[in-house]
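> got a predicted structure here, sequence first:
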Amino acid sequence: MEDLYKAGGLGVILRELKPLLNLDCVTVTGQTLGERLDLEPAYVNREVVRPFDDPIQPMGGLVALFGSLAPGGAILKRSAADPTLFESEGRALVFSSLEDLAARVDEPDLDVCADDVLILQNAGPKSAAAMPEAGYLPIPKKLARAGVRDMVRISDARMSGTAYGTIVLHVTPESAIGGPLSLVRSGDRIRVSVKNRRLDLLVEETELARRRDKLLTATVPVHRRGYKKLYYNSVLQADAGCDFDFLRDPSLD
């Protein structure tokens, strides 16, 4: 933030984005956004803020993935991931909860290799965990000791914006409400394609239907009163911003 301040402040960023903005939007000052930007100092430190037509990278830092594992979408922070994993397929290793992850991920005899895909279930907005910053799944200790620094990790949780790794987050619909993530079993094949913006579970539909039939009812916690009742009855999925349903204008859906 200090570098951004020295570069000329947030107005610098907004001026570079002017072709994409509604400059007639009225701000809290009573002026339009265009008028506010015209008042900003013209100084730009190009070592910090690149021109709109000369970005650091040709693509954005985030990419949305869709497919049989994430019909409603999932997010990969492409800029923090290992490009060699952008087009990959691997065997799933499933952790059914945060507690299961903590209990098993560092076991010496864990059946895992660097090409596997770590899956964390039941960490989304309607889970008992309520979508914590748990998407940054640790590299299993046996692999970390062997020098593995990154591998594909997938969950319906979130993570800090400063975290590094090939980590797919916000899988929607989430496990707790019976989304496809809840059907993944260790040994399944998972395919990730950043190029095609795909995230797919490579399991026959007949097998997925069989698993669906065996699933218990949704694992959304039930609360009789208070804020938790309000939260679990009303919170939306990640693709809707985890907003409360009663705060949204139905006419905008």
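Nice, I can see it.

> give the helix, strand or coil label for Gly187.
Taking DSSP: H, G, I helix; E, B strand; the rest coil as the rule, one finds Gly187 in the coil state.

> hey, where'd the strands end up in the protein?
Assignment of strands within the chain using DSSP state E yields the ranges 62-67, 70-77, 87-95, 117-120, 153-155, 167-172, 189-193, 198-201.

> quick one, which of those strands is nearest to Leu33?
Between Leu33 and those, the shortest gap by C-beta to C-beta is with strand 62-67, which sits at 23.6 Å. The C-beta positions use only the backbone N, C-alpha and C, and glycine is treated the same way.

> for the residue sitting nearest the centre point of the chain, give me its contacts.
Closest residue to the average C-alpha location of the chain: Leu169 at 2.7 Å, with C-alpha atoms, centre = their mean. Contacts for Leu169 (C-beta atoms under 8 Å, 6 or more residues apart in numbering) come out as Ala74, Ile75, Leu76, Lys77, Gly135, Ser155, Asp156, Ala157, Arg158, Met159.

> and for the fourth one, the neighbour number?
Under the neighbour criterion other C-beta atoms under 10 Å, Lys77 is assigned a count of 19.

> same question, the last one
Other residues near Met159 come to 21 when the count uses other C-beta under 10 Å.

> please look at it and Gly135 and confirm they touch.
Yes. Under the criterion of C-beta atoms under 8 Å, Met159 makes contact with Gly135 at 3.8 Å.

> which neighbours do those two have in common?
Each of Ile167, Leu169 lies in contact with both Met159 and Gly135 under the rule C-beta under 8 Å, 6+ apart.

> now do the closest residue to Val220 other than its chain neighbours against Pro173, distance only.
In this structure, Val220 finds its nearest non-sequential neighbour in Lys126, 4.6 Å apart by C-beta to C-beta, 6 or more residues apart in numbering. When C-beta to C-beta, to the nearest Å is applied, the distance between Lys126 and Pro173 equals 9 Å.

> so between these two, which is more surrounded?
Neighbours were tallied for Lys126 and for Pro173 using other C-beta under 10 Å; the higher tally belongs to Lys126 (25 against 21).

> can you tell me which residues contact that one?
Here Lys126 is in contact with Glu174, Ala176, Ile177, Ala218, Val220, Tyr232, Val235 (criterion: C-beta under 8 Å, 6+ apart).

> now do Leu110
With C-beta under 8 Å, 6+ apart as the criterion, the residues that contact Leu110 are Leu93, Arg104, Pro140, Lys142.

> next step: those restricted to helices.
Under the assignment DSSP state H, the contacts of Leu110 contribute Arg104, Lys142 to helices.

> in TSV: the contacts of Leu110, plus distance to Asp111 and pLDDT.
TSV is the format used below for those (distance: C-beta to C-beta, whole Å; pLDDT from 0 to 100):
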residue	distance to Asp111	pLDDT
Leu93	7	98
Arg104	10	98
Pro140	10	98
Lys142	10	96
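
> out of the contacts of Leu110, who's nearest Ala163?
Distances from Ala163 to the contacts of Leu110, taken as C-beta to C-beta, are shortest for Pro140 (17.0 Å).
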